[in-house]
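Asks: I'll drop the sequence and a predicted model, then ask my questions.
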Amino acid sequence: MPDDHRKSLAVQWWFHVRNFRSREVFSLLKQYGRGDVLDVGGWDFFLTAVKKKIDFNTWTTLEISEAKRFETGDSRVKFVIGDGCEMKFEDNRFDTVINIQVLEHVFEPIRMVEEIGRVLKPGGYGIFLIPQTSTVHFAPEHYYNFTRFWIQKTAQRAGLKIEDIKPLGGVWTSMASHLVFFFPQSFRFGGMSSPECKRSIFFYLLYPLMAVYALLSIPFCMLLSLGDLTEEPNNYLVLVRK
């Protein structure tokens, strides 16, 4: 399979998994999304959000590359090429700003949050989905994972008040997630590995045992996740207000 096609399939699969596991994002968008919406780095997230009947006047997607452009046929939707760390929008421009699993791919994430705070109208809401225990994806543009302490400090620095910070998952769901992604990562599937990550001979010799262990452990981890510890969630769903 050509690498570009394989990477495209990986991207689609990743987004489907993300949207399912983080479906509470859409509930928050329905409740707080309104007016002029800015999606910073969300690629074609709008195509999923619109199916959830999110209310908005205009929707602007800001992306770094023309390659991420999508078409909707909706005159209210605009695609803008630009840097989320140096936005060209005026201050206090948008009623709602969303940032869905983007900060880990940005070399200066604090700067991006500050810019979101700048373009958000007073009283407007920001909705973030921020990973803490994410596996490597979209390599090599994956730089960080984040704790709630980083989120709290950065929001304060950007002049944003945290209305709610909700851990999605915990220790056991994070373990299950890593075991699920063990398989595509093993085969270096679309952005989940890089050539610098070498495999020893023991990896190949022990792989059948690894695979069996992962398959048996995933449902057990999910069972234990019913009483999960939230110190190590997969993601944080964060609602802020300016």
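Replies: Good, I have the coordinates.

Asks: Just give me the longest strand of the protein.
Replies: strand 120-131 (DSSP state E).

Asks: other SSEs contacting it?
Replies: On a contact count with 3 or more C-beta pairs under 8 Å, 6 or more residues apart in numbering; DSSP states H and E, strand 120-131 meets helix 24-32, strand 94-100, strand 235-241. Every residue, glycine included, has its C-beta placed from N, CA and C.

Asks: The following helix or strand past the first one vs strand 120-131, what angle?
Replies: Along the chain past helix 24-32, the next helix or strand (assigned with DSSP states H and E) turns out to be strand 36-40. Orientation note: strand 36-40 sits at an angle of 40 degrees relative to strand 120-131 (axes from the mean of the first three to the mean of the last three C-alpha atoms, to 10 degrees).

Asks: one step back: mind checking the helices and strands packed on strand 120-131 for the one nearest to residue 224?
Replies: Closest approach to residue 224 among these (C-beta to C-beta): strand 235-241, 18.7 Å.

Asks: chain center to the closest one: distance?
Replies: Relative to its parent chain, strand 235-241 has a centroid offset of 12 Å by C-alpha atoms, centre = their mean, to the nearest Å.

Asks: can you check stretch 37-49 too?
Replies: Centroid displacement of stretch 37-49 relative to its chain, using C-alpha atoms, centre = their mean, is 11 Å.

Asks: Please spell out which residues along it are buried.
Replies: For stretch 37-49, the neighbour count (16 or more other C-beta atoms under 10 Å) marks 37-46, 48-49 as buried.

Asks: what's the answer for stretch 159-171, then?
Replies: Those would be 160, 162, 165, 167-171, for stretch 159-171 by 16+ other C-beta under 10 Å.

Asks: can you tell me which of the residues you listed are in helices?
Replies: residue 171 (DSSP state H).

Asks: Cool, thanks, talk later.
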